[in-house]
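In: Only the shape, not the letters, is given here:
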C-alpha cells in the first residue's frame, strides 16, 4: 500500500495538465450535458477499460489487483462518473484541495475505496 501511495504521489506531482483532466473540467463537462457529457462518457469508458485491462494483466500474473469488483457488478461510464463525483465531494468535505489531483487519479481512489480487494 505504501508503494502505491508513493507511486500515486509521484504521478500526481509530475503529470502534465495537458495529459490529465482537471476536476474543474470534469465538473464543467458534466454540467453542460449534451455533446460535452457524451465526450465525458467516452473518456470515462477509456479510463475504465484501461483500469480493467490493468487488473486483468495483474490477475493473470498472480499479482494483487488495483481493485476488486464483485462478479455481479460491471462498472460503466455512468457509475464511474458518479463514483468520481461522490469521491470528489467527500474530498472537499475533508478539506482537500481538489484542484491539484486529476480526475483519473480520483477514479482510481474511488474504485479502490468502493471495491477493496480481500486481504
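Out: Nice, thanks for sending it over. As the structure is a prediction and not an experimental result, all values here were calculated from the model.
In: which one's the longest helix in the protein?
Out: Looking across the chain with DSSP state H, the single longest helix is helix 34-61.
In: Over to residue 64. Which of the three states is it?
Out: Classification of residue 64 using DSSP: H, G, I helix; E, B strand; the rest coil returns coil.
In: Look up how far residue 55 lies from it.
Out: The gap separating residue 64 from residue 55 is 10 Å, by Cβ to Cβ, to the nearest Å. No exception for glycine: its C-beta is placed from N, CA and C like everyone else's.
In: Next SSE downstream of the lowest-mean-pLDDT helix or strand in the chain?
Out: Comparing every helix and strand of the chain by mean pLDDT, DSSP states H and E singles out helix 2-14 as the least confident one, with a mean of 58. Past helix 2-14, further along toward the C-terminus, the next helix or strand under DSSP states H and E is helix 23-32.
In: what angle do that next one and helix 34-61 make?
Out: Using axes from the mean of the first three to the mean of the last three Cα atoms, to 10 degrees, the direction of helix 23-32 lies 120 degrees away from that of helix 34-61.
In: which parts of helix 23-32 are buried?
Out: When neighbours are counted by 16 or more other Cβ atoms under 10 Å, the buried residues of helix 23-32 are found to be 23, 26-27, 29-30.
In: now do stretch 30-50
Out: Residues 30, 40-41, 43-44, 47-48 are the ones in stretch 30-50 that count as buried (16+ other Cβ under 10 Å).
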